[in-house]
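Only the shape, not the letters, is given here:
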Ligand SMILES: *[C@@H]1O[C@H](CO)[C@@H](O)[C@H](O)[C@H]1NC(C)=O
Ligand SMILES: *[C@@H]1O[C@H](CO)[C@@H](O)[C@H](O)[C@H]1NC(C)=O
Ligand SMILES: *[C@@H]1O[C@H](CO)[C@@H](O)[C@H](O)[C@H]1NC(C)=O
C-alpha cells in the first residue's frame, strides 16, 4: 500500500511528483547462462520464452534435443556431448542480461532487451494487455513474480537486469518510470470562488463543491497485490501458464449463494437467488443483468482504467456529447455516490457470479483507498464525486464508509481491507475537524467535543458500520465500538422524533446524542441511500432494542406517507423529497418486519411508479461509432449511476422481501 504524503500545489511545477514506484529484489543465479531462463507474460497465457544465452536458431546446430531442452527450460546435457562446432564457439554467442516489459496504457505493451547496460536495446515484441507475470532463474532454481491488475492499473512495468551475472535484479513497477510523473495537482485555479456564496454559485453550475486547498491528494492511498513463487528449477510451460492465470485472476474460494442466503449474512432476508418463475420477476432479472453488463462494457469502451482510476465508474452521462461527464464538476467519478458498491455486492451475494465479484472487488479496492484520506487532518473522511477522486471539498464520513468494505472483508478475510475498516473506528473524531454542512448551515456552530452535530443518516450510518464491524471482528477496540453502537441507537430512538429528528449533538466522550427538547423534522432524500437500510436491517437482527426498531420502521413508513400523515405524526411534513424508487426497499423492509400489507403494496407501487427507472425505459443500448464517439461502442442515454444503484438495491431487496406478492 502506497499512501501519498507529498505536496503538489495547483499551478506550481515544483512539488512531490513521483517518477516511479517499484518493488525491487534480487534473484541469485548459479547456472551456466545457457541454463538460465527468462519468461515474461504477454497476452492471455502468452509468454516470451528465452534463455540468457540462446543456443537455438544458430548457424550451427548443437543437436535437436539440446535445442528442445532449452526451449522447455530443462537442464542441457554437458556441452562436451553437443556438436562441437557449437561448443567451441559458445563464448561468441551474446548473453541477454536485461529485459523490460512496459505497459503504458490499457491498449499496449512493448518488450525489449539488451545484452547489458551501455548497449543498445532490441525490440522483442509487444501486444495489447500483458499479464504482469515474469520468471527469472535456471535449472538450479528461480523465482516467478506477478503484479495483479497489471494492464488495468497502467502505467506498469517489469524489469529484469543483470541476468548474465550471479544476481539478477527484478523490479515490479507499480508506476512505470517510463510514463509521465504522477501529476495529482488539482485541475483548475478556482476561478475566483473564494467565499462560500461564490462556491455555492459554482455548485449551481458545474455541480462541483469547490473550496480552496480542499482538492488535495495528501493522504490518499492505493494497494497493489504481488504474487511470488519460488521453485527449485525452471517450471514447465504448463506450470508457468497456471501461474499466469493466477496473476490474471486470483483463485477465490467462495460459498454458493444458497449457503449465504441460508446463513442469513448481511441483513437477513434482503437478498434472494435470481428467480425467473414469473414474467414480472424475469423482467426485473433482465433489467438487473442489463445494468451490470452495461457498466462492465462502459469500463472497457471508456477506458476507465489506470493506477488511480481503475475500479471506479462515472456518475452521469452527457447525452449531447455521447460521453460520460468525465470533465464536469460533480458529475464525473462516482466515489460510491448512493452506494453502487452495495448494489454490486448484493448482486454478487445472490448470484455467485464471478464477473460481478471481480467488478465489486475492483471497486472496493478503489473506493476504500483512493476516495478516502488515510493521513492528515481529514483521515477517515472520503471525498464527494468529482473530476478527480480527491477534488471535491465535501469531505464526508459517508464515503469512507465501512459499509462498502465489509462485504469484501467477510468474503475474503483481506487484511488490508480489514485494516481500513479498523481505521474508521474512531472516525467520529473527524467531526471535530470538519463540519460536513458548513456551507449551508444557518445557525452559529463551532464543533465542540461534547456537542458535535452529526446526522442520523449519512453520518451515523458510516460511523455505526465501522463500530459494528469492529465489534463483529472482536478488534482491539470492540468493547468501545459495541458500546457506541448501543449508545447511539438508544439516543436516536429516544429523540422526540426518533430518526426523523435528522441530527443530534453527539458527545465524543460518552458516545451519546443529547436528547433534543423539541421535536424537529430533518429528513433528506440522501439520509438512507448510503447503506442505512442494509445496516439497520443487520442491527435490528443483532440487537434487541424495540424502541430503535420502531423508530426505524416509522422512518420507513413516513418517508412517503402523505404530507398530512407526516404532519400529524411529527408536527410538520417532510417537505419535498426525491429518490422514491430507491426508498421502496424501506417500505418493503418495514412491511415485512411489521406485517403491514398496505405498506407492502406501496413498496411495489413506488418501485414501479415513482422516480428512477420505469418499465417503459428502453432497457437496451444504442450503438455509437465514429465520428460520433472516440471509439465504437454503445450508450444508454437514459442510464445514470444514482438511479442504477438505487434501482439495483431496491429490485434485489424488494424481490427478496416481497417477491411472493408482486402486483
Ligand atoms: C441555483 O440557481 C437557480 C437558477 O439560477 C436558482 O433559482 C437557485 O436559487 C440557485 N440555488 C441555490 C442553492 O443557490
Ligand atoms: C517447480 O517446477 C517443476 C517443474 O516444472 C514442477 O513440477 C513443480 O510443480 C514446480 N513447483 C512449484 C512449487 O511450482
Ligand atoms: C410519495 O411518492 C410519490 C411518488 O411515488 C411522490 O409523487 C409523492 O410526492 C411522495 N409523497 C410525499 C409526501 O413525499
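Received the coordinates, thanks. None of these values were measured; they are calculated from a predicted model. Ligands and ions are numbered 1, 2, ... in the order given.

how close does residue 171 get to residue 25?
8 Å (CB to CB, to the nearest Å). C-beta here means a position set from N, CA and C on the backbone, and glycine is covered the same way.

same deal with residue 480?
41 Å.

Of the two, which one has the most company?
Higher neighbour count among residue 480 and residue 25: residue 480, with 16 against 12, using other CB atoms under 10 Å.

Distance of the more buried one relative to ligand 2?
45 Å (CB to the nearest ligand atom, to the nearest Å).

Isn't residue 285 up against residue 275?
Yes: counting by CB atoms under 8 Å, residue 285 does reach residue 275; the two are 7.4 Å apart.

helix or strand right after the helix or strand bottoming out on mean pLDDT in the chain?
Lowest on mean pLDDT, DSSP states H and E among the helices and strands of the chain sits helix 397-400, with a mean of 68. Moving toward the C-terminus from helix 397-400, the next helix or strand (DSSP states H and E) is helix 406-412.

Tell me which other helices or strands that following helix touches.
Identification of packing neighbours for helix 406-412 by 3 or more CB pairs under 8 Å, 6 or more residues apart in numbering; DSSP states H and E yields helix 340-351, helix 354-369, helix 415-423, helix 458-473.

at 6 Å what do you get?
helix 415-423 (3 or more CB pairs under 6 Å, 6 or more residues apart in numbering; DSSP states H and E).

buried stuff in the helix it packs on?
For helix 415-423, a neighbour-count test (16 or more other CB atoms under 10 Å) marks 417-418, 420-423 as buried.

How about stretch 419-438?
420-428, 430-431, 434, 436.

Out of those, which comes closest to residue 492?
residue 428 (14.0 Å; CB to CB).

What residue in the stretch 151-300 of the chain comes nearest to ligand 3?
Residue of the stretch 151-300 of the chain nearest ligand 3, by CB to the nearest ligand atom: residue 284 (17.9 Å).

now stretch 459-476, how far from the centre of its chain.
Offset of stretch 459-476 from its chain centre (CA atoms, centre = their mean, to the nearest Å): 20 Å.

ok, now stretch 90-97?
Relative to its parent chain, stretch 90-97 has a centroid offset of 47 Å by CA atoms, centre = their mean.

for it, which positions count as buried?
95-97.

could you check the distance from residue 472 over to ligand 3?
For residue 472, the distance to ligand 3 - CB to the nearest ligand atom - is 35 Å.

Ignore what I typed, I meant residue 421.
For residue 421, the distance to ligand 3 - CB to the nearest ligand atom - is 35 Å.

ok, now which ones touch that residue?
Listed by CB atoms under 6 Å, 6 or more residues apart in numbering, the contact partners of residue 421 are 402, 405, 469.

List the contacts of the lengthiest helix in the chain.
The helix spanning the most residues in the chain, taking DSSP state H as the definition, is helix 279-301. Here helix 279-301 makes contact (CB under 6 Å, 6+ apart) with 274-276, 313, 619, 633, 636, 644, 651, 662.

Could you give me the buried positions within it?
Neighbour-count burial for helix 279-301 [16+ other CB under 10 Å]: 281, 284-285, 287-288, 290-292, 294-295, 298-299, 301.

going on from it, what's the next piece of helix or strand?
For helix 279-301, the following helix or strand on the C-terminal side (DSSP H and E) is strand 317-318.

Neighbouring strands of the helix or strand just after that next one in the sheet, and parallel or not?
Heading C-terminal from strand 317-318, the first helix or strand you meet, by DSSP H and E, is strand 323-324. Paired neighbours of strand 323-324 in the sheet (DSSP bridges): strand 317-318 (antiparallel).

For the partner strand, which outside residues touch it?
Outside strand 317-318, the residues touching it (CB under 6 Å, 6+ apart) are 324-325.

Run the chain-centre distance for that strand.
Here strand 317-318 shows a centroid-to-chain-centroid distance of 22 Å under the convention CA atoms, centre = their mean.

Number of residues surrounding the residue nearest to residue 18 when sequence neighbours are not counted?
Among residues not flanking residue 18 along the chain, residue 182 sits closest, at 4.3 Å (CB to CB, 6 or more residues apart in numbering). Close neighbours of residue 182, defined as other CB under 10 Å, add up to 19.

can you check the one 10 residues further on too?
Residue 192 has 8 neighbours, counted by other CB under 10 Å.

Check residue 7 too.
Neighbourhood size, residue 7 [other CB under 10 Å]: 13.

Now do the same contact list for it.
Going by CB under 6 Å, 6+ apart, residue 7 touches 15-16.

Ok, residue 319 next?
So residue 319 contacts residue 637 (CB under 6 Å, 6+ apart).

where does it fall, phi/psi-wise?
Phi and psi for residue 319, reported as degrees, to the nearest 10, are phi -70, psi -30.

what separates it from ligand 3, distance-wise?
Distance from residue 319 to ligand 3, by CB to the nearest ligand atom: 24 Å.

before we move on, back to that, among the buried residues of stretch 90-97, which are in strands?
Assignment to strands by DSSP state E places none of those there.

and residue 631, how many residues sit next to it?
11.

What helix or strand is it located in?
Short version, using DSSP H and E: residue 631 is in no helix or strand.

just residue 265 next, same as before
Here residue 265 is assigned to no helix or strand, by DSSP H and E.

which ones are touching whichever residue of the chain sits closest to ligand 3?
Closest approach between the chain and ligand 3, counting by CB to the nearest ligand atom: residue 610, at 3.2 Å. Shown in contact with residue 610 (CB under 6 Å, 6+ apart): 580-581.

Nearest residue to the most centrally placed residue in the chain in space, please, no chain neighbours.
Taking CA atoms, centre = their mean, the centroid of the chain lies closest to residue 363, which sits 2.0 Å from it. Residue nearest to residue 363 in three dimensions, not counting chain neighbours: residue 311, with 4.8 Å by CB to CB, 6+ apart.

I'd like the distance from stretch 127-142 to the chain centre, please.
Distance, centroid of stretch 127-142 to centroid of chain: 28 Å (CA atoms, centre = their mean).

same question but for stretch 552-563, I mixed them up
Average the C-alpha atoms of stretch 552-563, do the same for its chain, and the two points are 33 Å apart (CA atoms, centre = their mean).

picking up where we left off before, local confidence estimate at the residue nearest to the centre of the chain?
Turning to residue 363, the model gives it a pLDDT of 97.

these two touch, right, it and residue 310?
No: in this structure, residue 363 is not within contact of residue 310 by CB atoms under 6 Å, at 9.4 Å.

Quick check: residues of the stretch 551-663 of the chain near ligand 3?
Contact residues, the stretch 551-663 of the chain versus ligand 3 (CB under 6 Å from any ligand atom): 560, 562-563, 577, 580, 606, 610.

still on that earlier bit, need the buried residues of stretch 90-97 in JSON lines with pLDDT and distance to ligand 3, can you?
Below are the buried residues of stretch 90-97 laid out as JSON lines (pLDDT from 0 to 100; distance: CB to the nearest ligand atom, whole Å):
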{"residue": "95", "pLDDT": "98", "distance to ligand 3": "74"}
{"residue": "96", "pLDDT": "98", "distance to ligand 3": "69"}
{"residue": "97", "pLDDT": "98", "distance to ligand 3": "70"}
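
which of these lies closest to residue 122?
Using CB to CB, those come closest to residue 122 at residue 96, 8.4 Å.

Would you enumerate the residues in contact with that closest one?
Applying CB under 6 Å, 6+ apart, the residues contacting residue 96 are 52, 113, 115.

Kindly indicate the member of the residues you listed with the most neighbours.
residue 52 (26 neighbours).

Before we move on, what's the pLDDT of it?
pLDDT, read off for residue 52, is 98.

was I right about it contacting residue 98?
No: Residue 52 is beyond contact range of residue 98, at 10.2 Å (criterion: CB under 6 Å).
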